[in-house]
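S.K.: Fold the stuff below for me.
(chains A and B)
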Number of protein chains: 2
Amino acid sequence: MGYRVVPLTKLIEQFERLPGIGKKSAQRLAFHLLNMPQEKAKDFTDTILYAREHIHRCARCQNLTDQPLCPICDDPNRDDSTICVVENPQDVIAIERTRDYKGKYHVLHGLISPMDGVGPDQLYIKELLGIIGEGRVQEVIMATDPTAEGEATAMYISRLLKPLGVKVTRLAFGIPIGSNLEYADEVTLNRAMQGRSEI
Amino acid sequence: MGYRVVPLTKLIEQFERLPGIGKKSAQRLAFHLLNMPQEKAKDFTDTILYAREHIHRCARCQNLTDQPLCPICDDPNRDDSTICVVENPQDVIAIERTRDYKGKYHVLHGLISPMDGVGPDQLYIKELLGIIGEGRVQEVIMATDPTAEGEATAMYISRLLKPLGVKVTRLAFGIPIGSNLEYADEVTLNRAMQGRSEI
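M.R.: Numbering: from 1, shown residues only, chains lettered A, B, ... in the order given. Next comes the predicted model:
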């Protein structure tokens, strides 16, 4: 008979199933949860269950929220003539962190990826077209990733939007700030060259 | 008004509080939990709460178990003349993984550390002495970490046990298998030299 503590093994396995958590981390997390004060552990599981119950997509931009409209769609001070289109809610958090963007968002919840069987119909593109149809949007910034899927999705949506008279732009891609040019990969360098601007 | 989704932010914060989980990982884990099927998320939180409720220390060796005695103490095929003393249950898992050790364990749940205010009385040393007192133990292997605290704890316990006529041994420390000698730190190399044996 080998070493076996059923609930402990199950607990470690639960953490191992999470993305980016290896065997060692799963073990550390499991023991951490076991050693937490009872009310903190309860708070942890309650927060998960509460969030799952109350968080849903914003009726307008599809970002995640616990209100009918997300705080950004609901904010009269945000400029609704500009929409930034992103793959997922994490991207909204990343762009909001810059504190620079004052427009609205639209979350696709995915990218077109024939390899994974994801077509345009599985993304929230119809909802974007509905908002454009209201007539207030002047610019749509395609902020999908600079990957094959991100580029394909940006191209697909821009082809739908241009006939509607909306300006469609794409984020700039190039050498990341603070990095060394000599370590940039060729594709990035290539994009940086193509995107060069006069100074 | 900034970007704010209260239950989502709370969920991310819960993960950020876990050891070894940074901002990015916390975000990834939170979204993963949100996107899980409902029954899997419930299974995750149930496992945590169940484990916390049912896992306690083994009445004999202090390892974690959901039974009165842990499976190792309860196993008549394990040799109870040898006890391997470790800091915590993770160490038991690590040693069991070698599938080589057939004796029993004793889990201290900590190391003597005056800096952190942990003295011998806060460890399960009395319980170890009780088991030695039964008269069946012939060897105690001190398998605490090769750190100041681990060494101090090993020395402290060996000084208590030697007068009782028990053989006390210490794990070998040296160059890890599969690593490069040139990258070993001086302290490890020094220990490896001291611990050299004839071939």
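S.K.: CA only for contacts and neighbour counts going forward, please
M.R.: Fine.
S.K.: What residues sit buried inside stretch A:170-183?
M.R.: By neighbour count on 16 or more other Cα atoms under 10 Å in any protein chain shown, the buried set for stretch A:170-183 is A:170, A:173-175.
S.K.: Which of the residues you listed fall in strands?
M.R.: Among the buried residues of stretch A:170-183, DSSP state E puts A:Arg170 in strands.
S.K.: Minimum pLDDT in the buried residues of stretch A:170-183, which residue is that?
M.R.: Going through these one by one, the lowest pLDDT turns up at A:Ile175, 79.
S.K.: Next one: that residue from A:Val187, what distance?
M.R.: Plainly put, A:Ile175 is 10 Å away from A:Val187 if you go by Cα to Cα, to the nearest Å.
S.K.: just A:Met36 next, same as before
M.R.: From A:Met36 across to A:Val187, the span is 47 Å (Cα to Cα).
S.K.: top strand in chain A by residue count?
M.R.: If you go by DSSP E, chain A has its longest strand at strand A:79-86.
S.K.: close to chain B, is it?
M.R.: No: taking Cα under 8 Å from any Cα of the partner chain as the criterion, strand A:79-86 and chain B are apart, separated by no less than 13.2 Å.
S.K.: in its sheet, what does that strand sit against?
M.R.: With DSSP bridges as the test, strand A:79-86 is paired with strand A:103-107 (parallel), strand A:139-142 (parallel).
S.K.: Quick check: which of the ones you listed is nearest to B:Lys24?
M.R.: Taking Cα to Cα, strand A:103-107 is the member of those nearest to B:Lys24, at 19.2 Å.
S.K.: For that closest one, give me every contacting residue.
M.R.: Strand A:103-107 is touched from outside by A:61-63, A:72-73, A:78-89, A:92, A:124, A:128, with contacts defined as Cα atoms under 8 Å, 6 or more residues apart in numbering or on different chains.
S.K.: Export the next helix or strand after that strand to CSV, keeping only CA atoms.
M.R.: Sequence order places helix A:125-133 as the next helix or strand after strand A:103-107, per DSSP states H and E. Provided in CSV are the C-alpha atoms of helix A:125-133 (Å, rounded to 0.1, in the frame of the first residue of the first chain):
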residue,chain,number,x,y,z
ILE,A,125,-19.4,40.6,-33.8
LYS,A,126,-23.2,41.0,-34.5
GLU,A,127,-23.4,43.0,-31.2
LEU,A,128,-20.6,45.3,-32.3
LEU,A,129,-22.4,45.9,-35.6
GLY,A,130,-25.5,46.7,-33.7
ILE,A,131,-23.7,49.4,-31.7
ILE,A,132,-22.1,50.8,-34.9
GLY,A,133,-25.6,50.9,-36.4
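S.K.: what about the strands in chain A?
M.R.: A:56-57, A:64-65, A:79-86, A:103-107, A:139-142, A:167-170.
S.K.: Grab the nearest non-local neighbour of the residue nearest in space to the middle of chain A.
M.R.: Of all residues in chain A, the one closest to the mean position by Cα atoms, centre = their mean is A:Asn88, 2.5 Å from it. Nearest residue to A:Asn88, sequence neighbours excluded (Cα to Cα, 6 or more residues apart in numbering or on different chains): A:His109, at 4.9 Å.
S.K.: wait, isn't that neighbour in contact with A:Glu87?
M.R.: Yes: look at A:His109 against A:Glu87 with Cα atoms under 8 Å: they come within range, at 5.3 Å.
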